[in-house]
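Enquirer: I'll drop the sequence and a predicted model, then ask my questions.
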Amino acid sequence: MELPQVQYEVMVGLSSASGAPRLPDLAASLKRDQSQVSAACVELQGLGYVLVEEAPYDELSLGKEGEAYVASPLPERIVLDVLVAQQGRCKVTEVPTFCALNASQVGQSLRWLTQRGWARKEGDTLVLSDAGRAAKGHRTPDENLLVALSGGKPARKDELAARGIDVDAAVALLAPRKGVLNVKPRVDRRVVLTDSGRKLATAGISGRRAVTQLTPDLLTDGAWKNVDLQPYDVTLAAKTVFPGKEHAFQRTLEKVRRVFLEMGFEEIVSPWIESSFWDFDALFQPQDHPARDMQDTFYIAKPERCRLPDEALVERTRRTHEDGGDTGSTGWRYRWSRELAQKPVLRTHTTAATIRALAKHAMPNGECRVANNELPDSTRDQLVTRYSSLDTPRQRPGKYFVIGPVYRRETADYKHLPMFHQVDGIIVDREASLATLLGTLSAFYGKMGFPKVRFRPSFFPYTEPSAEVFLWLEGRQEWVEMGGSGLFRPEVTLPLGITDRVLAWGLGLERLAMMIHGLKSIGDLYFATMPWLREAPLSRA
Amino acid sequence: MPIINMPIDLLLRLVNAERQVLDGSQIVQTLDDMGVETEEVTVADVFACAACDNVMERTEAQGPPAHCPKCGADFRASPAGLRESGKAHVARLNMLAVRPDIFDPGGMARYMRGFLGVRTGLIEYPVSPPRITVQVDPRLGQDSSYRPAIACAVLRNMSLDHERIKLLMNLQEDLHWALGRDRKLASIGVYDLDKLDERGPAFRYRAVAPDELRFVPLGFSPSDPAANLTPREILQRHKTGQAYAHLLAKFSAFPLLTDGRGAVLSMPPIINSEATRVTMKTRQCFVDVTGMAQRTVDRALNILLSGLKEVMPGLEIEAVRIESSGAAIVTPDFRPANLSLDVPTAADTIGAPLDANTLTRLLERMGHGVSVERLAEGDRLRVLVPAWRNDVMHAIDLIEDAAIAYGYDNLVRRLVPTFTIGAPRAIEEQSIVVRSVFTGLGFHQVMTLTLTSEAAAFDEWGVPHDPRTVRIENPISSEQTICRVSLLPGLVDTLAINKQYDLPQHLFEVGDCSFLDPEAETGAREDRYVAAAMIGPHVGYADIRAVADAFFHEMGLNLEVRAADVPGFIPGRAASLHLAGEWVGTMGELHPRCLEAGGLRHAVAALEINLAAALAPQRV
């Protein structure tokens, strides 16, 4: 009959063994791990081929104090020797002068001298008894046990008894002494062939094949039952593999996007190649503003020019720049040029998208380009008053956000590239205020995992009041600037026909992603190495 | 934004002049609350130019100056021209161009005293009536010349020392930058009045021909006959002349400021004369600001004078009469601007419960003069805005001032209560599915720059230039001259920088490409694309075909593959991808020429799909 390899080896081993070998001895003779052999024995016992006999026994070993009594005799033995040498009598206080014991040790020994009947106390004098005389030169059972256990090796009680030691008496004597003797109950397992086992072994058995790879062959006809699947060292390191991954920065962008969607914002988009009108003019950035210099902004050679939105809006924008128009502002006091407004640029901020969304939002039918559409109530006083007061009819509220690349004419270094990403958002709402701006951005960064947000007064040409946004980095113990925010100036909103206040922000995303993913250089995002693409953990976003 | 070295000891002395309100340890936080960013607090070395006495502060990291920004002396060529003159304890402030009135210790101290409540409300500086007149040549307003605007003042009872000369020069430089756009819109000159004839005929601001006369420019020796130069020669030979020659390049007549006897003060906006140079012995000065617009030169003059007056309380400011084509004005003009502020609007905009009285106190701390008008429709404030503020255009600017005084940290952060429903864009949601298909296939996403060059996008690939390419007019690098029209070159570049790592490598990118589009308002548009590339010893057409099939299957689209000659791919191993007959992409094995360009040593199979076309609404 075919048996699993280890069971087979156990059967063979038992057939040739005399009597019932102990399990550890059997495992040693088979050169197998005891747990393997034990498992095989249990299996075989279940089949009725072997019997595992369990015999409880006590295992004795010395405690910490016990080892000390092996090194030098028990104190009562030392006092006994002194009494014998002193002709059977000695003052208790004088005993230390004749041996290595001190007064307190002598005192402790008195209990054992009397208990063993080796001496008695008469006043301040110890007097040797006959039993004491007889004990001279003869080891007691407890002394024998101490010697037998010396060296720290545990021993079985039955084996000690077999060596002639009165173990029970010894244990009784040593038990009251603290920390001298340990007695542990153990079970001895011995294995023996049953009759049917012996018959099976005689009839002939064989072992099973050990197998590494589980194959279709083994699985199709149940052959796997007759093979041993070889165990492995499961603690060994395996080959490193990684799942296909979204780019770490993409994951951060996606999280930003999700957070704004969760907060009830509508996602918008705008062209990367943008007219100066929407990138600057609609945002009340004067045409000679340094940000519009060829030094800082990428201008586009092809296409050569953009179309402007409807004439009425262009005209209101022109007047707002030149003298404030109907917005209550002084304006920038210069001559505004259509041609400059038509020049295409690579958008310098995603605010170009939110201002477009705002223009569209203002139109009753949501259409951005409405030809020659004069604003209702567009006299200066009325507009200014409407902007000022909460009593005016409320406009449709709106919340918009955009995520996308923006471009600045910067020389590449570890912090800068000519392209980076921003998230811009706006809230058009009658109840928009600086306080709700700070609240909205705190909520956003809170959801991104940055609970501490600070704001500092700042200046941007198209917002007022304005605030720079800072995050507290626990790891670096410092505030890090994230971007700008504010309320769109009336010079921005009124020409579009928006009389409600508008919260706006533009926040950099590369720096945020570099913080989240632990990168030192912005180039690590755009010129990525395979190890980083593969290893950057998905749990970080 | 420029970094300005603010001398801390002087600032504290000025702020605490009336009573102790600020110590050095609070300075950074206070500046921060006021909206001023402190880069660092440090000790700077002070240097002086031997030629013109200009004083320069440099931190250790900056090192000594290479040349004098004032007279152009080259310290590298002649190190003896640079003197070390001590150390200064400075706060390096990152200043916003809109607040030049706080660039100097005087103006900053005025702002801080108000903010801290020591001296609030509108500050007024006394101005004595004019004794000197400047006549403006009408030719300066013509196209052949320029720089028609001028504002002047006289400073009497001055006492100058090193520190004050340094302040004066720093303020001048900072105003040149902030208001003057590097002297283009405004430039400032300061002259020793005792070297001029103030009792004679009127001073003249004239237009002169480039070689009409000669004078010795600042920094040149009067004893050197060769130093007596015409305006044209100054632009050619003097360092500062060369640096700013472009400002006069288009004109046939140059601006020149002289006294009534013809002694030259300066050639704006280039350089002063050596003869009128200000030294520590100077007791009275003539000051001019010239520029393109009266508003700008007035502001610059106001800022300069008010800042100096704060530092030198004994200074006497005297007006100057400017006559131009019969009309006359008197400068400096310290009259405040008058604005009206609606109280409820301010409170609602800030989002804090502010009444007229509270707002008044807040605005007074920001240096404004305020009076309350109780009207039937609500309280209004009449606000007098100091004439040195260049950033107040609208009542909204006063609201920000009030918010700063209130303290951004003191605002209770809230959310707008309006309910809105979030709405994603379809292409972004579709892109999530696209990315999950490719990551599911074991690909790693890359993100590459959207700017590239014709060389990288076309020439190195041996593909014809795409006529729909958007081109940058002023690229900053030869590597970024156009907007990408394909994602494939970026993917191959990424493979190229990863040559040393394990193969195979499977990469993809989802992103936009830009194309000229005459229909579009801006003349161009972006389309969403996906591209994928596989490199490895056993990679071939079949691998990318399998990926394409899997992709279109997952997107629920019926792909039609047609053999095609695609530039950049091996002939006979390339295909075009079609949906219902319409082209949506290409795939195949890349041509060895493209691999060579990136130094790649294994076959690359790649695909690119126009998602805007493939996932158009009529299909999905």
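Expert: Received it, and whenever you're ready, just let me know what you need. Numbering: from 1, shown residues only, chains lettered A, B, ... in the order given.
Enquirer: And stretch A:185-202, what's buried?
Expert: Residues A:189-191, A:193-194, A:197-198, A:200-201 are the ones in stretch A:185-202 that count as buried (16 or more other Cβ atoms under 10 Å in any protein chain shown). To be clear about C-beta, it is placed using only N, CA and C from the backbone, and glycine gets the same treatment.
Enquirer: Can you report how many residues lie near the residue in the stretch 251-400 of chain A that chain B sits nearest to?
Expert: Nearest residue of the stretch 251-400 of chain A to chain B (Cβ to the nearest Cβ) works out as A:Pro303 at 2.8 Å. The local packing of A:Pro303 (other Cβ atoms under 10 Å in any protein chain shown) involves 18 other residues.
Enquirer: so the residue of chain A most remote from its centre, which of the three states?
Expert: For chain A, the residue at maximal distance from the C-alpha centroid (Cα atoms, centre = their mean) is A:Gln87, at 77.8 Å. Classification of A:Gln87 using DSSP: H, G, I helix; E, B strand; the rest coil returns coil.
Enquirer: What ranges does the stretch 451-600 of chain B have for its strands?
Expert: Under the criterion DSSP state E, counting those that start in this stretch, strands of the stretch 451-600 of chain B are mapped to B:451-452, B:471-472, B:482-483, B:505-516, B:524-535, B:560-563, B:569-579, B:582-590.
Enquirer: Figure out how far the second one is from the centre of its chain.
Expert: What it means is strand B:471-472. With Cα atoms, centre = their mean, to the nearest Å as the basis, strand B:471-472 stands 23 Å off its chain's centre.
Enquirer: by contact count, what packs against the helix or strand harbouring B:Val370?
Expert: Element membership of B:Val370 [criterion: DSSP states H and E] is strand B:369-375. When contacts are defined as 3 or more Cβ pairs under 8 Å, 6 or more residues apart in numbering or on different chains; DSSP states H and E, strand B:369-375 sits against helix B:356-365, strand B:378-385.
Enquirer: Pull the residues that contact that strand.
Expert: With contact meaning Cβ atoms under 8 Å, 6 or more residues apart in numbering or on different chains, strand B:369-375 is reached by B:121-122, B:336, B:356-357, B:359-360, B:363-364, B:379-384.
Enquirer: which regions of chain A lie under the pLDDT threshold?
Expert: Counting by pLDDT under 70, chain A contains low-confidence ranges at A:364-395.
Enquirer: and it, what are its domains?
Expert: Taking automatic domain parsing as the criterion, chain A consists of the domains A:2-56+A:191-229, A:64-186, A:251-535.
Enquirer: same deal with chain B?
Expert: Chain B resolves into domains spanning B:3-115, B:127-331, B:337-410, B:426-614 when parsed by automatic domain parsing.
Enquirer: Quick one: end-to-end distance for the last one.
Expert: So the one you mean is domain B:426-614. Length of domain B:426-614, first residue to last, Cα to Cα, to the nearest Å: 13 Å.
Enquirer: could you give me the average pLDDT of it?
Expert: For domain B:426-614, mean pLDDT rounds to 95.
Enquirer: what about it, distance to the chain center?
Expert: Distance of domain B:426-614 from its chain centroid, counting by Cα atoms, centre = their mean, is 37 Å.
Enquirer: now do the longest one
Expert: The gap between where domain B:127-331 is centred and where its chain is centred comes out at 26 Å by Cα atoms, centre = their mean.
Enquirer: Okay, whichever residue of the stretch 401-550 of chain B sits closest to chain A and A:Thr354: tell me how far apart.
Expert: Relative to chain A, the nearest point of the stretch 401-550 of chain B is B:Gly523 (2.8 Å; Cβ to the nearest Cβ). B:Gly523 sits 22 Å away from A:Thr354, going by Cβ to Cβ, to the nearest Å.
Enquirer: okay, the two: which has more neighbours?
Expert: Counted by other Cβ under 10 Å, B:Gly523 and A:Thr354 do not tie: A:Thr354 has more neighbours, with 26 against 22.
Enquirer: quick one on the thing from earlier: wait, isn't the residue of the stretch 251-400 of chain A closest to chain B in contact with B:Gly523?
Expert: Yes. The pair A:Pro303 / B:Gly523 is scored as a contact, 2.8 Å apart, by Cβ atoms under 8 Å.
Enquirer: Mutual contacts of these two, please.
Expert: Contacts common to A:Pro303 and B:Gly523, judged by Cβ under 8 Å, 6+ apart, are A:273, A:344, B:516.
Enquirer: Most neighbours among these, which one is it?
Expert: Among the shared contacts of A:Pro303 and B:Gly523, the one with the most neighbours (other Cβ under 10 Å) is A:Ile273, at 28 neighbours.
Enquirer: surely A:Phe277 meets A:Cys306?
Expert: Yes. A:Phe277 lies in contact with A:Cys306 (Cβ under 8 Å); the separation is 7.0 Å.
Enquirer: Report the set of residues contacting both of these two.
Expert: Common neighbours of A:Phe277 and A:Cys306 are listed as A:Gln342 (criterion: Cβ under 8 Å, 6+ apart).
Enquirer: Kindly reformat the helices and strands packed on strand B:369-375 as CSV containing mean neighbour count and mean pLDDT.
Expert: Converted to CSV, the helices and strands packed on strand B:369-375 look like this (neighbours: other Cβ atoms under 10 Å in any protein chain shown; pLDDT from 0 to 100):
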stretch, mean neighbour count, mean pLDDT
helix B:356-365, 21, 97
strand B:378-385, 20, 93
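Enquirer: Out of these, flag the one nearest A:Arg77.
Expert: A:Arg77 lies closest to helix B:356-365 among these, at 96.9 Å (Cβ to Cβ).
Enquirer: what sits against the closest residue to B:Asp401 other than its chain neighbours?
Expert: Spatial nearest neighbour of B:Asp401, chain neighbours left out: B:Met366 (4.1 Å); criterion: Cβ to Cβ, 6 or more residues apart in numbering or on different chains. Neighbour list for B:Met366: B:111, B:114-115, B:401-402, B:404-405 [criterion: Cβ under 8 Å, 6+ apart].
Enquirer: hmm, back to that, now do the contacts for the residue of the stretch 401-550 of chain B closest to chain A.
Expert: Applying Cβ under 8 Å, 6+ apart to B:Gly523 gives the contacts A:273, A:303-307, A:344, B:516-517.
Enquirer: The strand holding B:Val370 vs strand B:378-385, what angle?
Expert: Orientation check (axes from the mean of the first three to the mean of the last three Cα atoms, to 10 degrees): strand B:369-375 against strand B:378-385 gives 160 degrees.
Enquirer: ranges for the strands of the stretch 101-250 of chain B?
Expert: Shown for the stretch 101-250 of chain B, the strands assigned by DSSP E, counting those that start in this stretch span residues B:127-136, B:149-156, B:186-192, B:203-208.
Enquirer: B:Gly369 bridge partners, please.
Expert: When assigned by DSSP bridges, B:Gly369 has beta-bridge partners B:Leu384.
Enquirer: and what of A:Arg189?
Expert: Beta-bridge partners recorded for A:Arg189 (DSSP bridges): A:Glu54.
Enquirer: dump the residue contacts of it.
Expert: A:Arg189 neighbours (Cβ under 8 Å, 6+ apart): A:22-23, A:38, A:52-55.
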